[in-house]
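Participant: coords please:
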Amino acid sequence: METYEIFRDLAIIIISAKFMGLVARKCKAPQVVGAILAGLIIGPSVLGWVQLTDFLSEMAEIGVVLLMFSAGLETDIRDLKKTGPIATLIACAGVFVPLVLGAIYYMLYYGMAPWGSEEFYRAVFVGTIMTATSVSITVQTLKELGKISSHVGTTIVSAAIIDDVIGIIVLTVVIGFKDASQSPLKVLISTVLFFVFATIVGYITYHIFKKVDMKYPHTRRIPIAGLALCLAMAYIAEHFFGIADITGAYVAGIILCSVEDSDYIARKMDINSYMLFGPVFFASIGLKTSLDDVAPGLMLFSLGFVLVALISKIIGCGLMAKITGFSWPDSLKVGVGMMTRGEVALIVSQKGLSVGLLNSVYFTSVILLIIVSSIATPIILKLLFSKHPVKD
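Facilitator: Below you'll find the predicted structure:
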């Protein structure tokens with residue numbers, strides 16, 4: 001592929017994502033749905049105009065990092081403290097229920113496997129894929145609805161971040177079935193060390209930003225420095241601690257959310273995300289999908305896989321939200337908000353392929369889950385918020 005052809009691909013992605021976003025809005029659906037469908041249409045599944053190159057994948061990763069940074073910036077730290085314990089319980093339930101139901105579904109479909117057998121580990125790994133939560137699409141939807149800072153919105157985002165940390169631990173434990181060199185204790189220690197590091201660095205960074213902000217309010221150097229912090233925390237989280245980069249980006253946003261100019265930083269970040277990186281990220285979900293490899297037999301399993309994955313999140317997170325004091329309508333919003341799958345599910349699946357815990361044919365099921373959950377979640381959330389409004 002010639003270097004200059006990337007400009008053609010970007011032009012197609014931006015125009016198609018914006019056009020389909022407008023169509024989605026006309027149909028009373030969130031614009032992110034249109035962007036995902038745009039990627040599906042221009043990608044290998046339909047027209048084949050754009051292929052997902054390494055460059056586009058990296059741009060999509062930047063997009064999701066910026067999106068999570070913005071979510072952190074728009075989070076009220078006081079609400080986060082209030083929802084922290086509740087969000088942890090919701091995240092735990094959102095991991096446990098899909099893990100168990102996913103493994104049971106696989107064994108009911110292919111036959112019960114004895115404890116410790118290769119097939120048993122495969123079943124458990126299928127459940128592990130279902131534990132992953134991708135909050136990016138839900139964050140964008142909540143932002144469009146103006147509910148990102150509401151109690152429900154903050155709880156969803158907080159629970160999804162905690163879910164990501166728990167998911168990493170679960171993934172490491174399951175992979176340990178195949179690779180004895182993987183130590184769950186090491187992952188736990190790395191996770192704790194990252195948050196200790198983030199707390200120390202965050203305290204120092206916050207006060208530096210606060211002083212600079214007081215001396216040079218509303219200057220462009222503030223959002224530039226904020227972007228640098230976002231990218232640095234994303235890198236440090238992934239490279240040194242083995243934590244997902246989006247967690248590092250979200251923590252960077254949390255660090256700066258109480259700075260006087262946090263809204264100003266968020267507006268500048270939204271320009272980058274809205275103009276370029278956001279459309280590339282959401283369109284990339286559709287671009288990753290190829291329907292050519294879907295066999296009739298696999299489709300039946302995939303449909304069940306998708307249903308179990310979606311319903312198990314709603315049951316686990318929704319019931320725990322109800323137990324912790326949410327109303328039934330708000331509990332349903334929390335459950336639906338947690339059911340999206342995206343880059344985390346893909347990372348888990350690819351890791352399973354590399355260690356032999358997942359057959360390549362099931363990758364289609366994962367892609368289908370990502371597409372369905374990414375499209376269904378924004379639509380259902382919008383309907384729920386319209387029917388049962390919440391106070392900010």
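
Participant: residues contacting G94?
Facilitator: Under the criterion of CB atoms under 8 Å, 6 or more residues apart in numbering, the neighbours of G94 are T131, T133, A159, D163, K313, G316, C317, M320, M338. C-betas here are computed from N, CA, C, even on glycine.

Participant: top of the residues you listed by neighbour count?
Facilitator: Neighbour counts for those (other CB atoms under 10 Å) peak at C317, which has 35 neighbours.

Participant: packing partners of the host helix or strand of that one?
Facilitator: Using DSSP states H and E, the secondary-structure element containing C317 is helix 296-323. Judged by 3 or more CB pairs under 8 Å, 6 or more residues apart in numbering; DSSP states H and E, the packing partners of helix 296-323 are helix 77-110, helix 118-131, helix 328-337, helix 363-387.

Participant: format the ones you listed as TSV; extra columns: mean pLDDT and distance to V306.
Facilitator: Formatted as TSV, the entries for the helices and strands packed on helix 296-323 read as follows, by pLDDT from 0 to 100; distance: least, CB to CB, whole Å:
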stretch	mean pLDDT	distance to V306
helix 77-110	85	11
helix 118-131	85	10
helix 328-337	90	15
helix 363-387	82	5
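
Participant: now tabulate those in a markdown table and tack on distance to A71.
Facilitator: Compiled in a markdown table, these are given as follows (distance: least, CB to CB, whole Å):
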| stretch | distance to A71 |
| --- | --- |
| helix 77-110 | 11 |
| helix 118-131 | 21 |
| helix 328-337 | 12 |
| helix 363-387 | 15 |
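
Participant: and of those helices, who's closest to C230?
Facilitator: Nearest of these to C230, taken as CB to CB: helix 77-110 at 16.7 Å.

Participant: chain center to the closest one: distance?
Facilitator: The gap between the average C-alpha position of helix 77-110 and the chain average comes to 14 Å, counting by CA atoms, centre = their mean, to the nearest Å.

Participant: relative to F197, which of the contacts of G94 is nearest.
Facilitator: The shortest distance between F197 and any of the contacts of G94, using CB to CB, involves D163 and amounts to 20.8 Å.

Participant: with adjacent residues omitted, what lies nearest to F281?
Facilitator: Taking CB to CB, 6 or more residues apart in numbering as the measure, F281 lies nearest to G63, with 3.1 Å between them; neighbours along the chain are not counted.

Participant: quick check: pLDDT value at that neighbour.
Facilitator: Among the per-residue scores, G63 shows a pLDDT of 86.

Participant: same thing with the one 10 residues further on?
Facilitator: Note for L73: predicted pLDDT of 84.

Participant: that one against Y250, yeah?
Facilitator: No - using CB atoms under 8 Å, L73 makes no contact with Y250, being 9.5 Å away.

Participant: looking at these two, which one has more neighbours?
Facilitator: Set side by side, L73 and Y250 show unequal neighbour counts under other CB under 10 Å, the larger going to Y250 at 31 against 27.

Participant: between the helix or strand containing that one and helix 77-110, how big is the angle?
Facilitator: Y250 is part of helix 245-256, with elements assigned from DSSP H and E. Helix 245-256 and helix 77-110 are oriented at 160 degrees to each other (axes from the mean of the first three to the mean of the last three CA atoms, to 10 degrees).

Participant: what is the neighbour count of P389?
Facilitator: Neighbouring residues of P389 were enumerated by other CB under 10 Å; the total is 11.

Participant: next structured bit after the helix holding Y250?
Facilitator: helix 262-272.

Participant: ok, then the element right after that next one?
Facilitator: Stepping forward along the backbone from helix 262-272, the first helix or strand reached (DSSP H and E) is helix 278-287.

Participant: how far off helix 262-272 does that following helix point, in degrees?
Facilitator: 50 degrees.

Participant: wait, what's in contact with P329?
Facilitator: L384, K387, H388.

Participant: of all the helices and strands packed on helix 296-323, which lies closest to V192?
Facilitator: Judging those by CB to CB, what sits closest to V192 is helix 77-110, at 14.2 Å.

Participant: for the helix or strand where A159 lies, packing partners?
Facilitator: In the assignment (DSSP H and E), A159 maps to helix 151-175. Using 3+ CB pairs under 8 Å, 6+ apart as the contact criterion, the secondary-structure elements in contact with helix 151-175 are helix 77-110, helix 118-131, helix 136-145, helix 184-215, helix 245-256, helix 328-337, helix 343-355.

Participant: where does the stretch 101-250 of the chain have low pLDDT?
Facilitator: Applying pLDDT under 70 to the stretch 101-250 of the chain flags the ranges 116, 168, 172, 175-184, 187.

Participant: quick revisit: burial of the residue nearest to F281, as a residue count?
Facilitator: 22.

Participant: likewise Q140?
Facilitator: Other residues near Q140 come to 23 when the count uses other CB under 10 Å.

Participant: hmm, it is touching L66, no?
Facilitator: No - assessed by CB under 8 Å, Q140 is found out of contact with L66, at 11.2 Å.

Participant: residues shared between the contacts of these two?
Facilitator: With CB under 8 Å, 6+ apart applied, the overlap between the contact sets of Q140 and L66 consists of G278.

Participant: just to revisit the earlier point, ok, residues contacting the helix holding Y250?
Facilitator: Judged by CB under 8 Å, 6+ apart, the contacts made with helix 245-256 from elsewhere in the structure are 61, 64-66, 68-75, 77, 80, 136, 157, 161, 164-165, 198, 201-202, 205-206, 209, 226, 229-238, 262, 265, 343.

Participant: now, of those, which are buried?
Facilitator: In terms of neighbour count (16 or more other CB atoms under 10 Å), the buried residues within these are 61, 64-66, 68-75, 80, 136, 157, 161, 164-165, 198, 201-202, 205-206, 209, 226, 229-231, 233-234, 236-238, 262, 265, 343.

Participant: out of the contacts of G94, which comes closest to V174?
Facilitator: Proximity of the contacts of G94 to V174, judged by CB to CB, is greatest for T131, which lies at 9.7 Å.
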